[in-house]
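1. A structural model of the following input is requested.
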Amino acid sequence: MGAALNGRIGIVPGTSSGLGLAMANVFAESGATVFGLSRTGGPKEGEPATHPNVRHVKADLTDYAALPGLVASLVE
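-> Alright, predicted model coming up:
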């Protein structure tokens, strides 16, 4: 994929499976450091391997009050 996203940070929701996990892996393969958010904090059983540049974070995005703190903790 190349290094189009080297030095960039991505935040991708829904990375426990499906499209979210696939997007996180593509961004990571392109050089980004990706924070993958999901309620499980990681891929579901049976999902493909995650790129080493994807860091899984357990988060409930419906908890609106916690979102500013979550984002702040990711970019420190």
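2. what ranges do the helices span in the chain?
-> 18-29, 67-75 (DSSP state H).
3. List the buried residues in the last one.
-> Residues of helix 67-75 classed as buried by neighbour count (16 or more other Cβ atoms under 10 Å): L70. Where you see a C-beta, it was placed from the backbone N, CA and C, and this is true even at glycine.
4. what's that helix packed up against?
-> Here helix 67-75 touches strand 9-13, going by 3 or more Cβ pairs under 8 Å, 6 or more residues apart in numbering; DSSP states H and E.
5. Any idea which of the helices of the chain gets closest to G42?
-> helix 18-29 (9.8 Å; Cβ to Cβ).
6. got the CA positions of that closest one in PDB?
-> Only the C-alpha atoms of helix 18-29 are listed here, as PDB (Å, rounded to 0.1, in the frame of the first residue of the first chain):
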ATOM      1  CA  GLY A  18     -16.400  -6.300   9.500                       C
ATOM      2  CA  LEU A  19     -15.900  -3.000   7.800                       C
ATOM      3  CA  GLY A  20     -14.400  -1.200  10.800                       C
ATOM      4  CA  LEU A  21     -11.700  -3.800  11.300                       C
ATOM      5  CA  ALA A  22     -10.900  -3.900   7.600                       C
ATOM      6  CA  MET A  23     -10.600  -0.100   7.400                       C
ATOM      7  CA  ALA A  24      -8.300   0.000  10.400                       C
ATOM      8  CA  ASN A  25      -6.100  -2.600   8.800                       C
ATOM      9  CA  VAL A  26      -6.000  -0.700   5.500                       C
ATOM     10  CA  PHE A  27      -5.100   2.600   7.200                       C
ATOM     11  CA  ALA A  28      -2.400   0.900   9.200                       C
ATOM     12  CA  GLU A  29      -0.900  -0.800   6.100                       C
END
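7. That one vs strand 9-13, what angle?
-> 170 degrees (axes from the mean of the first three to the mean of the last three Cα atoms, to 10 degrees).
8. Mind checking the pLDDT average for helix 18-29?
-> Mean per-residue pLDDT for helix 18-29: 96.
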